[in-house]
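[1] Just a sequence and a predicted model for now, questions to come.
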Amino acid sequence: MPIRFFLQCVGWSLPILVGLLVYIGIHRNTFPAPRLTANIAVNEQVHRLALLPTTQVDILAIGSSMTLNNLATAPLLDHFGTTSYQNAAAWGIGAAELERYAPVLIRHFRPRQVIVVTNMVDLQRGSPMGAADTASISVHLRSKGGPSTYLRHWNMPYYLRQMETNRIRFSDPGNYEYLGYDAHGASTLEVPKALIDQGRFNEVPPRMADLDTARIAAFARFARYLRQEQVELLVFCSPYRDGLRTSTVEADAAAYATLLRAIVEPHGHRLVNGYEMHWPDDLFCDASHMDHAGADAFTRWCLSKME
Amino acid sequence: MLFNSIDFAVFLPLVFLLYWTVFHRTLRMQNAFLLVVSAIFYGWWDPRYLILVFISAAIDWSVALGLERTTDPRPRKLLLALSMTANLGMLGFFKYYDFFIINFNEAFQFLGMPLSLRALNVVLPVGISFYTFQTMSYTIDVYRRQIPATRDPVAFSAYVLFFPQLVAGPIERASALMPQFEMERIFDASKARDGLKQILWGLFKKVVIADSCALYVDKVYDMPEQMSGATLALATILFAFQIYGDFSGYSDIAIGTSRLFGFNLMRNFAFPYFSRDMAEFWRRWHISLSTWFRDYLYIPLGGSRGTKLFSVRNSIIVFVVSGFWHGASWNFLIWGALNGLYFLPLVLTNSNRNHLGPVAHGRWFPDLRELRGMLTTFLLACMAWVFFRARGLDNAVSVYRAICSESLFQLPLSVSGANLKVAFLAVAVMLTMEWVAREQQHALQLSPRLPAWARWTLYYGVVALIIVMAPITEASFIYFQF
C-alpha cells in the first residue's frame, strides 16, 4: 500500500518533470551555466572556459566588463599571431576579485601573458568573491564543465529564470548585459544609438579620492603574484568618452595611470594609458563601455603603443 | 534542515519509504526509526544542540515516572518544580539571559550605579521554545493525572523530537500526541494524500507568499528612516502576509508531513485574516500556543472566574507572556501588550465569543458588517505587526512616525529586487483559495463536487507557481528564531 502510494506520487510528478524537460529542451541554448558564484557573468565565462578542449592558453585576458567589452579579439590575434588566446573577463571582477579569480585561471591555463583592461571603477567596487566561489570555479574547471556541477549547485528557480533572461542576454549585443561570447570569450557591445541609456552615457567618472585603498593593495598583490609566477602583465587603462573628459577627469586619469604604473612597472610589467588618446563619443555605448568599433580601435591602439 | 530545501526533498521520500517498508513491523521499530531520523533532521543544523533536546526529554520522562509512583502531594510538587525549573531555566539561559543582563546594565547606569555584567551572546538553539513547552505540557498533564506517564523512553523521545513539528510547532499537547506514539501506525492512503496536499499548500505559502513579500519588507524595514509613510504602510501590510505565509506554511508542511507517517497534529492556523474581531483572530492564529497558554497559564491564574478586573488582568498577563515567548526584546513585549489592549474592550463588553463559527457561513461573500470587521481586525493586527517586525523600539517609532505623517499619501516606492506585482498576485491567489476553503482544514481540501480536471488543474497550477515564483535563495522560516 505505501509503495503503491509512493509510485502514485512519482506518477503525479511525472507531468511536471516531463513539462520541465520539454521546456528546457526547447530553450536548451539559453540554459545557464552552473551557479558557481552569485555573479552570473563569472558563471557563464567559467563554464565556457571549462568546456574548452585545451588547458594551455598563451595569452589570457582577465578583468571586469572593461576587459570583456573593450578588448576586441581580432586585433589581438593579428598582433600576437596566436589562436591560443582566451578572454576570461566578467562583469564585477574588480581589483579585489581579480586577486582571487586570477590565480585559479592561471593555475589551470598556465599563460605566458595576462592582459587586464581596467578603469577607475575597478579600484572602487566589484562583485564580492569568496574562497568558496574560487573553490567552486576550480572544481568546475577541473571537471571540464561536467554536469555534476549542476547537482552540487542545484537551484531550479534560478536556472529557469536565467533561461528566460539569457534569451536576450545571449543574443542581443544591444543589451548592456550581453554575454554572446566570440570564440575567444570577448563580448563586444553594439547598442543602437537611439537605445543608449542616457543615465549610463552621462555617468560621471569616480574621483581619485573615491578609490578603495584595500582594492589598490589587492591590485599590487596581484601584480606581484604574476611576477612570482613568471607571467607578464599588460595593463590597458580604458578611457571615458571624450564628452566627459573635463580638466578634473583628466587630472584624476593622469593620477590614476601614475598610481597603476607605480604598482606594475617595478615588477617588470607594462602599462598603456588609454587617456593619452582622445576617443570620440560615438565609439561608446555608455560613459566607459565601447561598442565593437571602439573596442577594435582601442585594442589596436594599445597594442601599437606596446611596440 | 529546512522544509523548503533540496535536502528535505530527498530526506522526506527516503524516510517515508524506509518507515513503511523496513521499519513498520513493530511499534518499537517505528518509534526508534522516527527518533533516529528526527535526530538527523535536527542535527543537520547543529548536532551539538541535540544534547539539550535529549536532556529536556530525559528530565521530563524521569520526572513523570516519579510523579506517577507517588501520591504524596509534597514530593509531587517538588518533582513538578524540578521539571519547570530545568525547562524554563534552559529556555531562560539561552533566550533571555542576555536581554536581562543588558537591561540590568542600562537600568543601573540610569540610576548612576553602573554595572558591567557581561552578555554571553549565546546562540539560540533552534526550536527550544517549542520543544520545552511541549515537554512541560507532558509533565503538567501527568501531574494533573490527565495522562499516564509513559515507561517507554524511546516513544517519549520520539514524541519530543518528532521532526515535522520539532523546530516550529505546532506545540502538541501530550494528551493528544503521546498516545499516537503508543499505538502502532497503519498506513492510510487517503490521510497521506491529504497530507501531501497540505504540504503543497504550505510550500506555496512559504515559497511564493512569504518569500516574495520578504523581498520588499526586508529592504524597507532595513532603513525605515529613509522611507515614506506609504512605503512603510505597504511593507507592513506585506509583512502581515509574509509572517502568515511563513508560519502557517510551516505548520501546514508539518501537519501534512505527520499525516504521511500516520499522525494527526493539531491545527495551528484557521484562516486568521478572515477574523471579524481580535478575539476571533487569536482563536485562529497560532492556535497551539494560544491554547497552551490558556490551559497552562490563563486557567491556573483563575481564567474568567471572578470579577471582570480579575479576568482582564489574566488576559493581559497571558498576552504579555505570549509576546515575551516570541523573543527577548521590548518590541515583543509591547506587541503582546498591544494585542492584550485590543482584547480588553471585547472582554469588558462580554463580546469576546461573538464569532465562533466561520465567516459568511453558507454564503459566497461576507455582508458589509463582516467585511468591516475583517478589515478592522486586519488593520489592528498590522499596527501590532510593526513592533513584531521592527528592529528595536526606535525603529518601530520611526515606522509609526512616518505612517502618521503626510507622506502616507504619497505613492509607495518600488524597491530593487522586489516585484510588487508578483507579491500582490500571490497574495490575491492565496486569499481567494483560502476564502473558498474557509470551512476546511486547508485551502487544497477541495470539494469532491469539483470535477477531477478542475482539482488537478489547481494542484498543478500551485506546483507551477511554486516553481516559477520561488525566490532564488532558500529563505529560513521566521519562527525558527523563537
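    Right, received. Where do you want to start?

[2] What segments of the stretch 201-307 of chain A are strands?
    A:232-237, A:270-273 (DSSP state E, counting those that start in this stretch).

[3] What about B:F181, how many residues nearby?
    24 (other CB atoms under 10 Å in any protein chain shown). Glycine gets a C-beta too; all of them are placed from N, C-alpha and C.

[4] pLDDT score for the closest residue to chain B within chain A?
    Chain B sits closest to A:P2 of chain A, with a gap of 3.4 Å, by CB to the nearest CB. At A:P2, the pLDDT value in this model is 85.

[5] which one is the residue nearest the centre of chain A nearest to, not counting chain neighbours?
    Central residue of chain A (CA atoms, centre = their mean): A:A90, 1.6 Å from the mean position. For A:A90, ignoring the flanking residues on the chain, the nearest one in space by CB to CB, 6 or more residues apart in numbering or on different chains is A:A41 at 3.7 Å.

[6] how about the residue of chain A closest to chain B, what does it touch?
    Contact analysis of A:P2 by CB atoms under 8 Å, 6 or more residues apart in numbering or on different chains lists B:F16, B:L17, B:W20, B:T21, B:H24, B:F187, B:A192.

[7] which residue sits closest to B:A402 in space, ignoring its chain neighbours?
    Excluding the flanking residues, the one nearest B:A402 by CB to CB, 6+ apart is B:G229, at 4.4 Å.

[8] from what I can see that neighbour touches B:L411, true?
    No: the pair B:G229 and B:L411 fails to qualify as a contact (CB atoms under 8 Å) at a distance of 11.3 Å.

[9] who's more crowded, the two?
    B:G229 (20 against 9).

[10] and the more buried one, how far is that from B:A390?
    The gap separating B:G229 from B:A390 is 15 Å, by CB to CB, to the nearest Å.

[11] Check B:F11 too.
    Taking CB to CB, one finds B:F11 at 35 Å from B:A390.

[12] more neighbours, those two?
    B:A390 (23 against 18).

[13] For the more buried one, give me its contacts.
    B:Y221, B:P224, B:N331, B:A396, B:S398, B:V399.

[14] least trustworthy position among those residues, going by pLDDT?
    Minimum confidence in the contacts of B:A390 sits at B:P224, scoring 87.

[15] average pLDDT for whatever helix or strand B:A9 lives in?
    Using DSSP states H and E, B:A9 maps to helix B:6-21. Helix B:6-21 shows a mean pLDDT of 90.

[16] What is the subsequent helix or strand relative to the lengthiest helix in chain B?
    The longest helix of chain B (DSSP state H) is helix B:229-260. Later in the chain than helix B:229-260, the nearest helix or strand by DSSP H and E is helix B:278-284.

[17] Enumerate the positions of the biggest helix by length in chain A that are buried.
    Determined from DSSP H, the single longest helix within chain A is helix A:2-26. Residues A:P2, A:F5, A:F6, A:C9 are the ones in helix A:2-26 that count as buried (16 or more other CB atoms under 10 Å in any protein chain shown).

[18] Is it correct that the second one is in contact with B:D188?
    No: taking CB under 8 Å as the contact criterion, A:F5 and B:D188 are not neighbours in contact, 9.7 Å apart.

[19] In chain B, what residue lies closest to chain A?
    Counting by CB to the nearest CB, chain B gets nearest chain A through B:W20, at 3.4 Å.

[20] how close does that residue get to B:A64?
    Taking CB to CB, one finds B:W20 at 30 Å from B:A64.

[21] The two: which is more packed in?
    B:A64 (27 against 22).

[22] element containing residue 136, please.
    All of this is about chain A. Short version, using DSSP H and E: A:S136 is in helix A:131-142.

[23] hmm, I had chain B in mind actually
    helix B:128-143.

[24] immediately after that helix, which helix or strand?
    Assigned by DSSP H and E, the successor of helix B:128-143 is helix B:153-161.

[25] Contacts only, for A:T55.
    A:T55 sits in contact with A:H108, A:F109, A:R110, where contact means CB under 8 Å, 6+ apart.

[26] and with 7 Å instead?
    A:H108, A:F109 (CB atoms under 7 Å, 6 or more residues apart in numbering or on different chains).

[27] three-state assignment of it?
    coil (DSSP: H, G, I helix; E, B strand; the rest coil).

[28] From A:A41, how far off is it?
    22 Å.

[29] Likewise for B:F274?
    47 Å.

[30] returning to what we had before: mean neighbour count added to the strands of the stretch 201-307 of chain A, as JSON lines?
    Output for the strands of the stretch 201-307 of chain A, formatted as JSON lines (neighbours: other CB atoms under 10 Å in any protein chain shown):
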{"stretch": "strand A:232-237", "mean neighbour count": "22"}
{"stretch": "strand A:270-273", "mean neighbour count": "19"}
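
[31] Correct me if wrong: B:A360 contacts B:P366.
    Yes: with contact defined as CB atoms under 7 Å, B:A360 and B:P366 form a contacting pair (4.4 Å).

[32] How about the backbone phi and psi for A:N39?
    For A:N39, the backbone dihedrals (degrees, to the nearest 10) come out as phi -100, psi 110.

[33] my read: it touches A:P128, true?
    No: contact between A:N39 and A:P128 fails when scored by CB under 7 Å: they sit 8.7 Å apart.

[34] So which of those two has more stuff around it?
    A:N39 (22 against 14).

[35] per-residue pLDDT, the more buried one?
    90.

[36] If we ignore the residues flanking it in sequence, what's nearest B:R294?
    That would be B:V318: by CB to CB, 6+ apart, it lies 7.5 Å from B:R294.

[37] Distance-wise, check the one you found relative to B:A381.
    Taken as CB to CB, the span from B:V318 to B:A381 is 17 Å.

[38] Repeat that for A:I115.
    Distance from A:I115 to B:A381, by CB to CB: 60 Å.

[39] and what of B:R276?
    12 Å.

[40] In contact with B:S322, which residues?
    By CB under 7 Å, 6+ apart, B:S322 lies in contact with B:L289, B:F293, B:G336.

[41] which residues in the stretch 151-300 of chain A form helices?
    A:156-169, A:198-201, A:213-228, A:247-264, A:292-306 (DSSP state H, counting those that start in this stretch).

[42] quick one: which of these is nearest A:L98?
    When the helices of the stretch 151-300 of chain A are compared by CB to CB, helix A:213-228 sits nearest A:L98, at 5.4 Å.

[43] Rounded mean pLDDT for the closest one, please.
    So the average pLDDT for helix A:213-228 ends up being 93.

[44] Could you list every helix and strand in contact with the least confident helix or strand in chain B by mean pLDDT?
    Sorting the helices and strands of chain B by mean pLDDT, DSSP states H and E puts helix B:97-110 at the bottom, at a mean of 85. The helices and strands touching helix B:97-110, judged by 3 or more CB pairs under 7 Å, 6 or more residues apart in numbering or on different chains; DSSP states H and E, number zero.

[45] Swap in 10 Å and give it another go.
    Helix B:97-110 sits against helix B:330-348, with contacts defined as 3 or more CB pairs under 10 Å, 6 or more residues apart in numbering or on different chains; DSSP states H and E.
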